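In: Here is my input; please provide its structure:
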Amino acid sequence: PFPCLRWCTAFTMSDKLTRIAIVSSDKCKPKRCRQECKRSCPVVRMGKLCIEVGPTTKLAWISEELCIGCGICVKKCPFEAIAVVCVQEADVYMFDEPSSYLDVCQRLKSARVIRSMLSTEVYVVCVEHDLSVLDYLSDFICVLYGHAGGYGVVTMPFSVREGINIFLGGFIPTENLRFREVSLSFKVAETADAEEGKCKKMCRYSYPDMVKTMSHAKTGS
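Out: Numbering: from 1, shown residues only. Presented below is the predicted three-dimensional model:
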């Protein structure tokens with residue numbers, strides 16, 4: 001429900017739970033409300049800019065440093081554009097398509113953050129369809145296949161290179177199973193000659209040799 005997020009964090013007294021306030025860019029409409037989130041925020045009432053929003057802004061902004069995670073803005077928002085969730089320290093973290101809706105630079109940043117969470121006692125399970133991000137993120141890869149609403153199967157872990165090649169090939173050698181009829185290939189041609197022949201075959205127009213004479217040079221093709 002929150003494809004594009006701005007978030008803030010606030011630590012509890014125990015410093016073990018983190019409350020995260022999430023603002024949905026799809027639902028937040030400052031031009032159509034009275035900025036109830038800002039009016040009701042106790043930190044704003046104390047004179048601090050915890051929530052910055054106005055009738056001309058496109059999205060409410062919540063300060064990561066000042067937010068106390070009280071959850072009042074969640075109840076006051078007329079469009080239900082704000083949510084507060086608790087994040088607890090754990091041994092296993094799971095991410096579902098973290099690179100979706102992100103540009104290349106943001107994908108690399110998110111991948112670095114996820115990689116930084118790994119340790120000898122902390123594991124990360126990530127579902128990803130971008131092969132370049134998957135290659136950077138993973139130490140091992142499991143291939144998932146099945147039918148929507150029917151069944152799903154998870155293979156045993158493979159090395160990163162082997163797992164990506166199995167996904168592209170559509171065939172799992174360890175199980176002697178083909179889950180896709182067609183292999184995915186990014187090769188246009190095996191050799192330069194074959195590529196040139198294929199290009200000529202696909203060309204619809206041809207042009208004669210041309211010569212252009214300029215003041216200082218002469219070029220031709």
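
In: which outside residues touch the longest helix along the chain?
Out: As assigned by DSSP state H, the longest helix anywhere in the chain is helix 104-116. Contact with helix 104-116 is made by 95, 98, 99, 102, 124, 126, 130, 133, 136, 137, as judged by Cβ atoms under 8 Å, 6 or more residues apart in numbering. Bear in mind the C-beta positions are built from the backbone N, C-alpha and C, glycine included.

In: redo that, cut-off 6 Å
Out: Defining contact as Cβ atoms under 6 Å, 6 or more residues apart in numbering, one finds that helix 104-116 is touched by 98, 99, 124, 133, 136, 137.

In: Can you name the next helix or strand after that helix?
Out: Heading C-terminal from helix 104-116, the first helix or strand you meet, by DSSP states H and E, is strand 123-127.

In: Restrict the helix or strand following that following strand to CA atoms and write it as PDB.
Out: Using DSSP H and E, the next helix or strand after strand 123-127 towards the C-terminus is helix 131-137. Extracted as PDB, the C-alpha positions of helix 131-137 are listed here (Å, rounded to 0.1, in the frame of the first residue of the first chain):
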ATOM      1  CA  LEU A 131      19.400  -9.600 -12.000                       C
ATOM      2  CA  SER A 132      22.100  -7.000 -11.600                       C
ATOM      3  CA  VAL A 133      20.900  -6.100  -8.100                       C
ATOM      4  CA  LEU A 134      20.500  -9.800  -7.300                       C
ATOM      5  CA  ASP A 135      24.100 -10.400  -8.400                       C
ATOM      6  CA  TYR A 136      25.300  -7.700  -6.100                       C
ATOM      7  CA  LEU A 137      23.100  -8.600  -3.100                       C
END
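
In: Give the buried residues for the helix or strand following helix 131-137.
Out: Using DSSP H and E, the next helix or strand after helix 131-137 towards the C-terminus is strand 144-147. Buried residues in strand 144-147, counted by 16 or more other Cβ atoms under 10 Å: residue 145.

In: Show residues contacting strand 144-147.
Out: With contact meaning Cβ under 6 Å, 6+ apart, strand 144-147 is reached by 152, 153, 154, 179.

In: likewise stretch 30-49?
Out: Residues from elsewhere that reach stretch 30-49 (Cβ under 6 Å, 6+ apart): 50, 51, 53, 55, 57, 60, 66, 72, 73, 76, 77, 78.

In: Of those, which one scores lowest on pLDDT?
Out: Looking at those by pLDDT, the weakest one is residue 55, with 74.
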